[in-house]
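In: make a model of this:
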Amino acid sequence: MNSFSTEQHPGVCAEPPAATQGFVFNHSMLRVKDPGVALDFYTRLLGLRVLRKLDFSEMRFSLYFLAHVTADDPIPQDAGERSAWTFSQRGILELTHNWGTESDPAFKYHDGNAQPQGFGHLCFSVPDLDAAVAWFDQHQVPFVKRPDQGKMKDVAFIKDPDGYWIEIVEPARLKTLGMARDEWTASAS
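Out: Have a look, this model is predicted:
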């Protein structure tokens, strides 16, 4: 059993309150202009699968819930059970499509990185950063930053079709990320 609970910093609650037992971070939502374009990007280029689509015709929008799943995942076939299962998972991406935006050539969502800044990015970890970069290059995915650019090496940022930034990392390359030189020298000893 791992005894690590949390890093301590000002404002951090040392122990989660009992009332939060069982809370799960389920999903983050992005609004997308054209669901066909966004779904192609996230399923074909990032390997996500659509777990559930929900339509709200009165309010004229649809929700698409995507995640990385395998053939071994116990995903229910029944739509209602699959909805409940989807909302019990971790790390899901919700794409929200407000109907009609795909037909408006001038329509664009704020990416969160232009001023005023707010939302920053999603992050996908990959087993091989170089292979992922080659995959994105092969499919002409726009880069904000390549792994060898800037001061933060071994971290890439690409853009999805709506301009949202997606960080791409290889976990094994990040062991010294954010450490001062003397910290990572000591941790390597």
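
In: now do the contacts for residue 41.
Out: Contacts for residue 41 (C-beta atoms under 8 Å, 6 or more residues apart in numbering) come out as 160-161. For the C-beta atoms, the positions are set from N, CA and C on the backbone; glycine is no exception.

In: distance of it relative to residue 22?
Out: Residue 41 sits at a distance of 33 Å from residue 22 (criterion: C-beta to C-beta, to the nearest Å).

In: which residue ranges of the chain form strands?
Out: Listed in chain order, the strands of the chain (DSSP state E) span 27-31, 49-56, 61-67, 92-98, 121-125, 143-145, 155-159, 165-169.

In: which one of the ones you listed lies nearest to residue 131?
Out: Among those, strand 165-169 comes nearest to residue 131, with 10.8 Å by C-beta to C-beta.

In: point to the residue nearest the middle of the chain.
Out: residue 122 (3.7 Å; C-alpha atoms, centre = their mean).

In: and residue 138, how far from residue 105?
Out: The separation that residue 138 has from residue 105, given C-beta to C-beta, amounts to 28 Å.

In: same question, residue 65
Out: Distance from residue 65 to residue 105, counting by C-beta to C-beta: 28 Å.

In: over to residue 146?
Out: 30 Å.

In: what residues sit buried inside the helix ranked longest in the chain?
Out: Ordering each helix of the chain by length in residues (DSSP state H) puts helix 129-138 first. Across helix 129-138, burial judged by 16 or more other C-beta atoms under 10 Å covers 129, 132-133, 136.
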